[in-house]
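>>> structure for this input, please:
(2 chains)
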Amino acid sequence: DVKVTQSSRYLVKRTGEKVFLECVQDMDHENMFWYRQDPGLGLRLIYFSYDVKMKEKGDIPEGYSVSREKKERFSLILESASTNQTSMYLCASSFGGNPSYEQYFGPGTRLTVT
Amino acid sequence: KQEVTQIPAALSVPEGENLVLNCSFTDSAIYNLQWFRQDPGKGLTSLLLIQSSQREQTSGRLNASLDKSSGRSTLYIAASQPGDSATYLCAVRDDYKLSFGAGTTVTVRA
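Okay, here's the model as predicted:
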């Protein structure tokens, strides 16, 4: 079975802190994604990566950056956390080269910024 | 820009009744459509993946149909059980990303 894990289930941070959310997949997937989920707005894509050190902006990249130094790991970075970044963050991965491949999701990290 | 709509937003049925969940999308140029289940506070579990060339997919009590030309998909869950209570999301893949609907929250009453 594909396994996508996220470093924390719950996280509480203060405004202005630098926050790292980590995601690891064990299926040698080329593509990895970060989404956030908010009530009434659904899931929205923040960033995705199609290879090591490669990244593309999604729909809402402002206030976020990402890092992919190894194929299995994709990090989401909040440079200076703000209260409007309180949300559920979901990581996903899939094989690359063909958009028909299924995306697999991790358990999510619920981040609260106070 | 792809828009995905799910109707109804919420549904409550007695145990044993069949469930019908609807999903519509505005741009028919999709690669595939996925149905997911999400339990409160949890991540997404993939239920079914329908490729754009397919008309339907089945897994156990679940059956999903796809009419790409009209921009519609329907998820059928037969003989519902209280354990089916969850939010069901559909998502369409065009190019690199998934576009999600807001979900249908299902409650199955024992």
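>>> for the rest of this, base every contact and every neighbour count on C-alpha atoms.
Will do.
>>> list the contacts for A:Ser75?
A:Phe20, A:Leu21, A:Glu22, A:Cys23, A:Val66, A:Ser67, A:Arg68 (CA atoms under 8 Å, 6 or more residues apart in numbering or on different chains).
>>> from those, keep the buried residues only.
A:Leu21, A:Glu22, A:Cys23, A:Val66, A:Ser67, A:Arg68 (16 or more other CA atoms under 10 Å in any protein chain shown).
>>> among these, which one lies nearest to B:Thr107?
A:Cys23 (31.3 Å; CA to CA).
>>> still on that earlier bit, in CSV: the contacts of A:Ser75, plus secondary structure.
Formatted as CSV, the contacts of A:Ser75 follow (DSSP: H, G, I helix; E, B strand; the rest coil):
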residue, secondary structure
A:Phe20, strand
A:Leu21, strand
A:Glu22, strand
A:Cys23, strand
A:Val66, strand
A:Ser67, strand
A:Arg68, strand
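>>> of these, closest to B:Thr45?
A:Cys23 (16.5 Å).
>>> quick one: least confident helix or strand in chain B?
strand B:97-100 (a mean of 89; mean pLDDT, DSSP states H and E).
>>> state the number of residues packed around the residue nearest to A:Cys23 when sequence neighbours are not counted.
Distances taken as CA to CA, 6 or more residues apart in numbering or on different chains place A:Gln6 nearest to A:Cys23, at 4.5 Å, with adjacent residues excluded. Using other CA atoms under 10 Å in any protein chain shown, A:Gln6 has 22 neighbouring residues.
>>> separation between A:Gln6 and A:Ser93?
Per CA to CA, to the nearest Å, A:Gln6 is found 12 Å from A:Ser93.
>>> got it, and A:Ile60?
For A:Ile60 relative to A:Ser93 (CA to CA), the value is 18 Å.
>>> tell me which of those two has more neighbours.
A direct count of neighbours by other CA under 10 Å for A:Ile60 and A:Ser93 places A:Ser93 higher, at 31 against 13.
>>> A:Ser75 and A:Val19: what is the separation?
A:Ser75 is 10 Å from A:Val19, by CA to CA.
>>> next one: A:Thr5
When A:Thr5 is compared with A:Val19 (using CA to CA), they lie 17 Å apart.
>>> what segments of the chain are strands?
If you meant another chain, say so; for now it's chain A. A:4-6, A:10-13, A:19-25, A:31-38, A:42-51, A:54-57, A:64-70, A:73-78, A:87-94, A:104-105, A:109-113 (DSSP state E).
>>> try chain B instead
Under DSSP E, chain B gives strands at B:4-7, B:10-14, B:19-25, B:32-38, B:44-51, B:56-59, B:62-67, B:72-77, B:86-94, B:97-100, B:104-109.
>>> format these as JSON lines; extra columns: mean neighbour count and distance to A:Asn84.
Output for these, formatted as JSON lines (neighbours: other CA atoms under 10 Å in any protein chain shown; distance: least, CA to CA, whole Å):
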{"stretch": "strand B:4-7", "mean neighbour count": "19", "distance to A:Asn84": "24"}
{"stretch": "strand B:10-14", "mean neighbour count": "15", "distance to A:Asn84": "27"}
{"stretch": "strand B:19-25", "mean neighbour count": "21", "distance to A:Asn84": "29"}
{"stretch": "strand B:32-38", "mean neighbour count": "22", "distance to A:Asn84": "23"}
{"stretch": "strand B:44-51", "mean neighbour count": "20", "distance to A:Asn84": "23"}
{"stretch": "strand B:56-59", "mean neighbour count": "14", "distance to A:Asn84": "39"}
{"stretch": "strand B:62-67", "mean neighbour count": "19", "distance to A:Asn84": "36"}
{"stretch": "strand B:72-77", "mean neighbour count": "20", "distance to A:Asn84": "33"}
{"stretch": "strand B:86-94", "mean neighbour count": "24", "distance to A:Asn84": "24"}
{"stretch": "strand B:97-100", "mean neighbour count": "22", "distance to A:Asn84": "21"}
{"stretch": "strand B:104-109", "mean neighbour count": "19", "distance to A:Asn84": "25"}
